[in-house]
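Asks: got a sequence here, can you build the structure:
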Amino acid sequence: MTTSKPTLGALAALALLCLTPPSTQAGESQLFGINAAGGEFGDLTPTKMPGVLYTDYAYPTNADIDYYKARGFQLIRVPFRWERIQRALNVPLHDPDLAELDRVLDQADKRGLRVILDLHNYGRRYEPTTDTSYVIGSAEAPRAAYADLWQRLATHFQGRACLWAYGIMNEPHGQGEYTWKDTAQVAVDAIRSVDAAHTILIPGEFFSNAWYWNTYSADLIGIVDPANNLVFEAHQYFDDNHSGKYDQTYDGEGATATIGVERVTPFVNWCQANNVRGFIGEFGVPRTDARWNVTLQNFMTYLAANGIGGTYWAAGERWADNYTLNAHIRRADHAESAQMSVLRDHVAGPGTLYWPAYYWYRNTAAGGYCYPFNSAGSTFTADFASTADYVPGSAAKSIRLNYTIPTGGYAGIGIHTNGGAKLAPNFARGHVLRFFAKGTPGSSLQFTLGNTSGSGNWVSTNSLAPLNGTWQRYEVPLAAFVNATVTGTAPLERVKFDVYPRDGSTHEVWIDDIGVMAPDNVPPTVTVDTSSGASSFVAGTSITLVANATDADGAVGSVEFLADGQLLGVDDTAPYSLAVSFPTPGAHEIRAIAYDSLGAPTRSAAKPLTITAAYSTELSRNGNLEAGDIYWASDTAHTIVSDPVHGGALALRSVPGTNSAGRQVLTGIEAGATYRLEGWVKTDATLSGWVRIFLKWTDSADTILLQHSLAGIVPPGSDWVQRLAEEVAPAGATKLHIYLWNENRTGGYSYFDDLSVKKRL
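Replies: Okay, the predicted model is just below:
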């Protein structure tokens, strides 16, 4: 068995993730992720805001999330608009948009990704009835309404383990008299009224600009969070006006290899000077000049060296291929963005074997053009944008071919990709060519994939299922096309369809949704446990996690192990296991996520773990009183009895009317160390008043530094109650005095047993 590990740089962040509770973790702010754009799309016009879901805007698709996971990202920032998630002030959240955000979090959780919910409103709310944006704090967008929004959002999302942070606003600017610091405090207060656990991102003023942070945003240090879980968010672009538009060449923008480092340094220095966590919510570069990648690499390396992460702007299926900052895989030729090569150097996750689908044709040719061809004497009409019929649930156009081909003639179509489609990863992952087709009786298609050197093997629909008047799905493994010409390792320029028969008869054929994608797939199954089956362990103990993962129609690619939604490690060889330890006590949920050879994930049910503190050996002497009253002074004020009994054969009983029933002094106490103090007490119902175990912390000269009852008093009529506490020995302490304190009670007896003192390791 081998255990796959992330890079050493990533492990430093992951160690923080897996060993601290979610409410106090620093780890995600040191991770690099990506902006999964789409929910913020749409112009500020009455028709586009809020607009129509899936038409004017859309949230990340499941395929988007699969791609981010495959490339090793562990963190995604998901923009959304106030005007969409809450259609009017102070009303319930809008169910369709809320359901979409829930879906995104569900899918992220299934893949072990963390999520930032980013309110992408620039410190304003747009009102379509007046076609005006109003600054938060104004009468039209009061802070109370902003608080209402965040209280509702936090109420809904507070139980989400995969949610890392609430991004309370994207790029506030020009707030005027309604100071951003005070507005941000309103959001913090609203969130903390219902959610004390999740991180809150505090963006800076003036578009959150890192270079100008000290000018516009230094006062944000005064924001108060009772949970002490704020992260300050800056943005930084490297063009001449910091906007991210990049409308000039590299030289025209005045860019250099270190301009990103220079611009973000004021923010980094501010975070360090104030001992706070920082995060860069947006940064990005064009793909138009290779020098931009050098700038990006230097920028991310500098951030990582200073313990600051960020989310690249941007990716998402709704971006056009010509958006120069786009880090999504290109529709036109299935090529990865130039920026992705740098981003992958800095992401911490192990990735998966998932690879996106590529569509040669869906409504139109993705990255080139469609073309017909036919012999002389053939009658052939090709409509590449027919709206008369198309695959139900697909796009609204298809390819319609009408033909009469004489014997010896030919006709067909090709769909050409300029520069060739980069499909080698799809071949490597066992993907298929898939399309839908129908045709008149007797018609058929032969099809192949080709490059500049020629064509691969040909396949006929007749060998799969004859065409008929109903849309049918055709699916052929890419391996079926491989020959000496088409090897599956080089770009492919075309998919080609020849029509049949060629006997002078007239036929019609329809083709739609031509793409390369994973075949239908059954996700794997997985369960997780500890090797011993135990659920409770002492802090610092090595725990072996084991996963039983299988895949019915393929192979398991890897298994990730998570604690409380945070990645611990990954194993890619059966039997799947990982050794972990937790240094501090607490409760955790362990899960495993299995990925198959196509990257499909399945998340296991939770395995609860309880981590208890590690303690020294017993420091009290004869605390269980099984040796009689040895080591317990004031023996004239007590009697050792065998009944009643707690935890053994003997207990100590007080003599009525006495003060101290027994006492013991422990030396060698370490100031500042934590001690676990325990004792059991029973009292007769007829006793005249309460009793207690009393503690005095002293220095070597017996000067009292701190004294109090152990976990409160014990009233009459109590049947063996435990008194338990952990305490930090005060400064200067070298001794602990333990008193079994009877308080001169009369009318009955008090009993003491199982006194214990242990130092926490």
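Asks: low-confidence ranges in the chain?
Replies: Applying pLDDT under 70 to the chain picks out residues 1-28, 634-636, 643-645.
Asks: please parse it into its domains.
Replies: For the chain, the structural domains run 31-354, 359-517, 525-612, 635-759, going by automatic domain parsing.
Asks: chain center to the last one, what's the gap?
Replies: To tie it back to what came earlier, the one meant is domain 635-759. 49 Å (Cα atoms, centre = their mean, to the nearest Å).
Asks: hmm, who's touching stretch 244-254?
Replies: 237-240, 282, 284-286, 288-289, 291-292, 313, 324-325 (Cβ atoms under 8 Å, 6 or more residues apart in numbering). The C-beta positions use only the backbone N, C-alpha and C, and glycine is treated the same way.
Asks: try 7 Å this time
Replies: For stretch 244-254, the surrounding residues in contact (Cβ atoms under 7 Å, 6 or more residues apart in numbering) are 237, 239-240, 284, 286, 289, 291-292, 313, 324-325.
Asks: same question for stretch 743-754.
Replies: 623-625, 644, 646-647, 651-654, 656-659, 661-662, 679-684, 686-691, 740, 742.
Asks: now do stretch 176-195
Replies: 123, 135-138, 143, 146-147, 150-151, 154-155, 158, 166, 168, 172, 175, 200, 202, 205, 219-220, 222-227.
Asks: contact partners for Ile593?
Replies: Here Ile593 is in contact with 111-112, 560, 562, 601-603 (Cβ under 7 Å, 6+ apart).
Asks: tell me if I'm right that Leu724 and Val681 touch.
Replies: No: between Leu724 and Val681 there is no contact under Cβ atoms under 7 Å: 11.4 Å.
Asks: give me the more crowded residue out of those two.
Replies: Neighbours per residue, other Cβ atoms under 10 Å: of Leu724 and Val681, the larger number sits with Val681, 25 against 13.
Asks: once you drop chain neighbours, what's closest to the more buried one?
Replies: Spatial nearest neighbour of Val681, chain neighbours left out: Val714 (4.4 Å); criterion: Cβ to Cβ, 6 or more residues apart in numbering.
Asks: okay, now that neighbour: neighbour count?
Replies: There are 25 residues near Val714, going by other Cβ under 10 Å.
Asks: check Asp95 too.
Replies: There are 9 residues near Asp95, going by other Cβ under 10 Å.
Asks: same check, this time on Phe373
Replies: 14.
Asks: got the contact list for it?
Replies: Listed by Cβ under 7 Å, 6+ apart, the contact set of Phe373 reads 411-412, 414.
Asks: partner strands of the helix or strand harbouring it, with direction?
Replies: Following DSSP states H and E, one finds Phe373 within strand 368-374. Taking DSSP bridges as the criterion, strand 368-374 sits next to strand 411-421 (antiparallel) in its sheet.
Asks: and the partner strand, C-alpha only, in PDB?
Replies: Written as PDB, here are the backbone C-alpha positions of strand 411-421 (Å, rounded to 0.1, in the frame of the first residue of the first chain):
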ATOM      1  CA  ALA A 411     -22.000  13.100 -49.300                       C
ATOM      2  CA  GLY A 412     -21.500  14.000 -45.700                       C
ATOM      3  CA  ILE A 413     -20.500  16.700 -43.300                       C
ATOM      4  CA  GLY A 414     -17.600  17.600 -41.100                       C
ATOM      5  CA  ILE A 415     -17.300  19.800 -38.000                       C
ATOM      6  CA  HIS A 416     -13.900  21.400 -37.900                       C
ATOM      7  CA  THR A 417     -12.100  22.700 -34.800                       C
ATOM      8  CA  ASN A 418      -9.600  25.500 -35.500                       C
ATOM      9  CA  GLY A 419      -6.200  24.400 -34.300                       C
ATOM     10  CA  GLY A 420      -7.600  21.000 -33.200                       C
ATOM     11  CA  ALA A 421      -9.500  19.900 -30.100                       C
END
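Asks: can you point out the buried residues in whichever helix or strand comes after it?
Replies: Going down the chain from strand 411-421, the next helix or strand is helix 424-428, by DSSP H and E. Buried residues in helix 424-428, defined by neighbour count with 16 or more other Cβ atoms under 10 Å: 424-427.
Asks: which one of those residues sits closest to Thr667?
Replies: Taking Cβ to Cβ as the measure, Thr667 lies nearest Pro425 of the buried residues of helix 424-428, at 68.8 Å.
Asks: quick one: the strand holding Phe373 to chain centroid distance?
Replies: 44 Å.
Asks: can you point out the buried residues in it?
Replies: So strand 368-374, judged by 16+ other Cβ under 10 Å, has buried residues 368, 370, 372, 374.
Asks: and those, which is closest to Arg84?
Replies: Distances from Arg84 to the buried residues of strand 368-374, taken by Cβ to Cβ, are shortest for Gly368, at 35.5 Å.
Asks: in this structure the closest one contacts Ala421, no?
Replies: No: judged on Cβ under 7 Å, Gly368 makes no contact with Ala421 at a distance of 9.0 Å.
Asks: would Arg152 count as being in a strand?
Replies: No: remark: Arg152 does not belong to a strand; assigned using DSSP: H, G, I helix; E, B strand; the rest coil, it is helix.
Asks: if we ignore the residues flanking it in sequence, what's nearest it?
Replies: Leu93 (5.4 Å).
Asks: quick check: Ile399 touching Val509?
Replies: No: counting by Cβ under 7 Å, Val509 is not a contact partner of Ile399; they are 8.4 Å apart.
Asks: next one: the residue nearest to the spatial centre of the chain from Tyr358, what distance?
Replies: Taking Cα atoms, centre = their mean, the centroid of the chain lies closest to Arg114, which sits 0.9 Å from it. Using Cβ to Cβ, to the nearest Å, one gets 28 Å for the distance from Arg114 to Tyr358.
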